[in-house]
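Asks: Just a sequence and a predicted model for now, questions to come.
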Amino acid sequence: MNQVTQTPLYAAHTHIYPRSVSGRFRRLKWAIVVIAYGVYFLLPWLRWERGGDTGQAVLFDLAGRKFFLFDLVVHPQDIFWLAGLLMIAAYLLFFVTGLAGRVFCGYFCFQTLWTDVYILIERLVQGERPARIRLARQAWNAEKLLKTGLTHLLWLLMAFVTGLTFVLYWGDAPQLIGEFFAGKAPFAAYATTLFLTATTYVMAGIAREQVCTYMCPYARFQAVMFDKDTLVVSYDARRGEGGAGRAKLGGQLKARAQRQQAGVGDCIDCGYCVQVCPTGIDIRNGLQIQCISCALCIDACDTIMDSLGWDRGLVGYTSERKTDTGQQARLLRPKVIGYAAVLVLAIGLLAWSVSQQAAFDLSVAQVRQPIFVQLSDGRIQNSYEIKVNNKTNKTLTLRFSVRGLAQGAELDMGHFSEVSMHPEQRLRLGANIRMMPAQFDGRSHPFELVAEPQGVPGLVAIVHPSVFFVPQQ
Amino acid sequence: MAEQHQGKAVQTTGHAWDGDLQEFNNPLPRWWLWSFYATVLFAVIYWIWYPAWPVAKSFTKGIGTVTYQSGGKQVTTHWNTRAELIEEMQTGSETLKQQAYLEKISAASYDDIVNDPDMMAFTRSMAKVLFADNCAACHGVGGTPAQIGQYPNLRDDAWLWGGDINQIEQTILQGRNGYMPAFGEVLSDAQLDEVANYVLSLSGHSVDTAMADAGRAIFQGKQGGCYYCHTESGKGMASQGSANLTDAVWTVADVPGAADDAARVEVVKTVIRNGVHRQMPAWRGRLSNAQIKLLTVYLQSLGS
């Protein structure tokens, strides 16, 4: 009988109790947490002067179909900007990953940012790693109940504030928060808050590194963008293991000279780098899929090396090229240059498109049922549906005219050949165009409908092409 | 029961077949089990709330209900999507918004409506649907019938019964009875030819001048008496619904579709011989005043 050995698809989850560490990367990461939280939690409360009105600086007004981003107002017609933004985000991720590995995962991903804060809460309530392990192992008593309960309560509170803040981006924050607690907010506000509270609590409090290892697609495909020159967090095995492997400090292996004589490497096997790892891996086993490049093991090892008075860098940022050949990593590689070029192009295009945002937009659709009608004086009439959208926050007066048709062509828009539009108003107007064709040729004649803004210097007219059909006779 | 398997103790079901054939016991994950129980619970609640089980020729109705208005009465029925749609159409937020705007339009004067781009846009979009539901069967979806002669084209600027806003409203409210007597028994075939030639000459078509002159005598004289309704100039009268014969628009005889002079005379002659009888029903009472108002404004904007 053949013996089939299988590694299980799903390993049972072992809880990780990361030890705290201090150092340059931890300080950098806390700074990023503070800035990201500051922006996320305070932005909905920032007011902004907009066309004489004070409103919310960043507001995604779904009901009004407008997104406000400081002075920029995004209309549904500008939806392709979202595509541009997503492309930029994707190429930025490719570019940074190709250059410096999983920087996004380790420093900027909200899963990392929120998990960091959740671990901080856990530590403040329950104590350092050994205390937390002890607490988890001890039988249920008042202390365990109190500490575990308080941790989960604070996590839930944090999750709730996170969810509620997200909702505030979609409505006027001061008003919405009042309605929220008075029970008068829209159902969607409660549902979204509940959903995000639940997901934040589960992802950052309970699932944690499993999100990165099993759920996150980015984690998997970022490895594809790695090459020999990509910066990775890694263990300098040559230095750490020496000829005879790593060994703990003590006995005959205390001073560095003694250790080198014995052929033992610089790694004293203290296990600090393993204990601080939020995904529970041992960096000394090499690059692993679970590693999110958070660099906390670098801080841990540096702390130990500093205390021993040895050189830092036993665990550090390096590249495969550096570890294999000792050469410096090449920064300017075709892949990196390619990503950078596409990125610059995409950013440039988006910026250009945003700066060219028209004050209003216009569309003209010919009525095709019937496509023409003959009038009592023999002229031919075509009808059109005109949609016009004032995207400014000022009253806009538009005057319509046609050009490119034969002499005597008449545009009749009822009382609206000159129409005054409120700020942000959308209008649908009907138009009839009449003319005596020089020849009944059964063809469509191209012309342009012109909408000219009145009394606003600097606003250019919008010209929309359409056709006028003349029947055959 | 426990077995050694690849160095690990593994649970078995405890049965042994053929002496040594055993079955591992791999229990489902606990979360899976609880999810399953939750779906069972969901199903039970669903049965209680919604119509669910067929029972003989009927079914269990569930305790959920829908209430809506029907014929001025309040109807409460067991939950079903049909009733829910009716209720939504009566009390949904969009319906209420539409009703509020409709009331605003009802209160506004015709002048106010045609001068307000917003009210006009609302009118056009709502009247378009009303027109498609009630008028398009005869007048065509866009206001133009498929063929000349069936029903008046509402997109051109010729109005048989007057294109003034009050006249249009009147037409919709009380309907119209368009009638021209048949002259087939009064006039001979030659006379019909003559009148047809004269009628075509009024709108500048090339005709036999001698015949047209003879036709004029019939048209303007007692024998034909056409001028009673079409007037001496041939421009027609809105009060009679008589067509203007001097313009380019034809509402009964398909003159624009005729191939040559002879064919044009033939189509006009046919109309004179057989007469015209067209009827438009009165919409007062079938449509609300507000709906008639919307249609009036819409129609005037179509054919102005």
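Replies: Great, that's in hand.
Asks: who are the neighbours in contact with residue 298?
Replies: In the absence of a named chain, this looks at chain A. A:23, A:25, A:233, A:315-317 (Cβ atoms under 8 Å, 6 or more residues apart in numbering or on different chains). The C-beta positions use only the backbone N, C-alpha and C, and glycine is treated the same way.
Asks: looking at chain B here, not the other one
Replies: Residue B:298 makes contacts with B:123-124, B:127-128, B:130-131, as judged by Cβ under 8 Å, 6+ apart.
Asks: Tell me the one among the contacts of residue A:298 nearest to chain B.
Replies: Closest approach between the contacts of residue A:298 and chain B, by Cβ to the nearest Cβ: residue A:233, at 33.7 Å.
Asks: pretty sure residue B:197 belongs to a helix, no?
Replies: Yes: assessed with DSSP: H, G, I helix; E, B strand; the rest coil, residue B:197 lies in a helix.
Asks: Do you know the pLDDT at it?
Replies: For residue B:197, the pLDDT comes out at 96.
Asks: is it true that it touches residue B:208?
Replies: Yes: look at residue B:197 against residue B:208 with Cβ atoms under 8 Å: they come within range, at 5.4 Å.
Asks: quick one on the thing from earlier: what's the closest of the contacts of residue B:298 to chain A?
Replies: The closest of the contacts of residue B:298, once distances to chain A are taken by Cβ to the nearest Cβ, is residue B:124, at 5.9 Å.
Asks: List the residues that contact the closest one.
Replies: A:428, A:430, B:298, B:301.
Asks: was I right about the first one contacting residue A:365?
Replies: It refers to residue A:428. No: assessed by Cβ under 8 Å, residue A:428 is found out of contact with residue A:365, at 10.0 Å.
Asks: Who has more neighbours out of those two?
Replies: Neighbour totals were compared for residue A:428 and residue A:365, and residue A:428 leads with 17 against 12 (other Cβ atoms under 10 Å in any protein chain shown).
Asks: any idea how far residue B:123 is from the more buried one?
Replies: Distance, residue A:428 to residue B:123, using Cβ to Cβ, to the nearest Å: 11 Å.
Asks: Ok, residue B:292 next?
Replies: Remark: distance between residue B:292 and residue B:123 (Cβ to Cβ) = 12 Å.
Asks: Compare the two and say which is more crowded by neighbours.
Replies: Relative neighbour count places residue B:123 above the other of residue B:292 and residue B:123, with 24 against 19, counting by other Cβ under 10 Å.
Asks: Next one: residue B:282 from chain A, what distance?
Replies: According to Cβ to the nearest Cβ, to the nearest Å, residue B:282 and chain A sit 26 Å apart.
Asks: pLDDT at the closest residue in space to residue A:244 that isn't next to it in sequence, what is it?
Replies: Spatially, and ignoring its direct neighbours in sequence, residue A:244 is nearest to residue A:263 (4.0 Å; Cβ to Cβ, 6 or more residues apart in numbering or on different chains). pLDDT recorded at residue A:263 is 88.
Asks: what residues are up against residue A:263?
Replies: A:242-244.
Asks: Filter the residues you listed down to the buried ones.
Replies: Applying 16 or more other Cβ atoms under 10 Å in any protein chain shown to those, the neighbour count classes residue A:242 as buried.
Asks: Name the member of the contacts of residue A:263 with the shortest distance to chain B.
Replies: residue A:244 (31.4 Å).
Asks: any bit of the longest strand along chain B sitting next to chain A?
Replies: As assigned by DSSP state E, the longest strand anywhere in chain B is strand B:8-17. No: judged by Cβ under 8 Å from any Cβ of the partner chain, strand B:8-17 stays clear of chain A, getting no closer than 11.2 Å.
Asks: Report all helices and strands that that strand contacts.
Replies: strand B:2-5, strand B:21-24 (3 or more Cβ pairs under 8 Å, 6 or more residues apart in numbering or on different chains; DSSP states H and E).
Asks: The ones you listed: lowest mean pLDDT?
Replies: For these, mean pLDDT drops lowest on strand B:2-5, to a mean of 57.
Asks: burial of residue 89, as a residue count?
Replies: I went with chain A, as the question did not name one. Residue A:89, neighbours per other Cβ under 10 Å, totals 12.
Asks: Actually, chain B is the one I wanted.
Replies: Neighbours of residue B:89 using other Cβ under 10 Å come to 11.
Asks: Tell me, domain by domain, which residues of the chain belong where.
Replies: As the question left the chain open, I've gone with chain A. Recorded structural domains for chain A (assignment: automatic domain parsing) are A:232-325, A:360-469.
Asks: that's the other chain; I wanted chain B
Replies: Following automatic domain parsing, one finds the domains of chain B at B:2-49, B:100-175+B:281-302, B:179-279.
Asks: which stretch in these has the least confidence?
Replies: Ranked on mean pLDDT, the bottom entry among the domains of chain B is domain B:2-49, at a mean of 82.
Asks: Would you mind giving me the confidence score for residue 66?
Replies: By default, I'm working from chain A. 86.
Asks: that answer is for a different chain, and I need it for chain B
Replies: Reported pLDDT for residue B:66: 94.
Asks: Please list all residues in contact with it.
Replies: By Cβ under 8 Å, 6+ apart, the contact list for residue B:66 reads B:76-80, B:83-84, B:86-87.
Asks: let's see it at 10 Å
Replies: B:75-88 (Cβ atoms under 10 Å, 6 or more residues apart in numbering or on different chains).
Asks: Next one: it relative to residue B:97, how far apart?
Replies: 21 Å.
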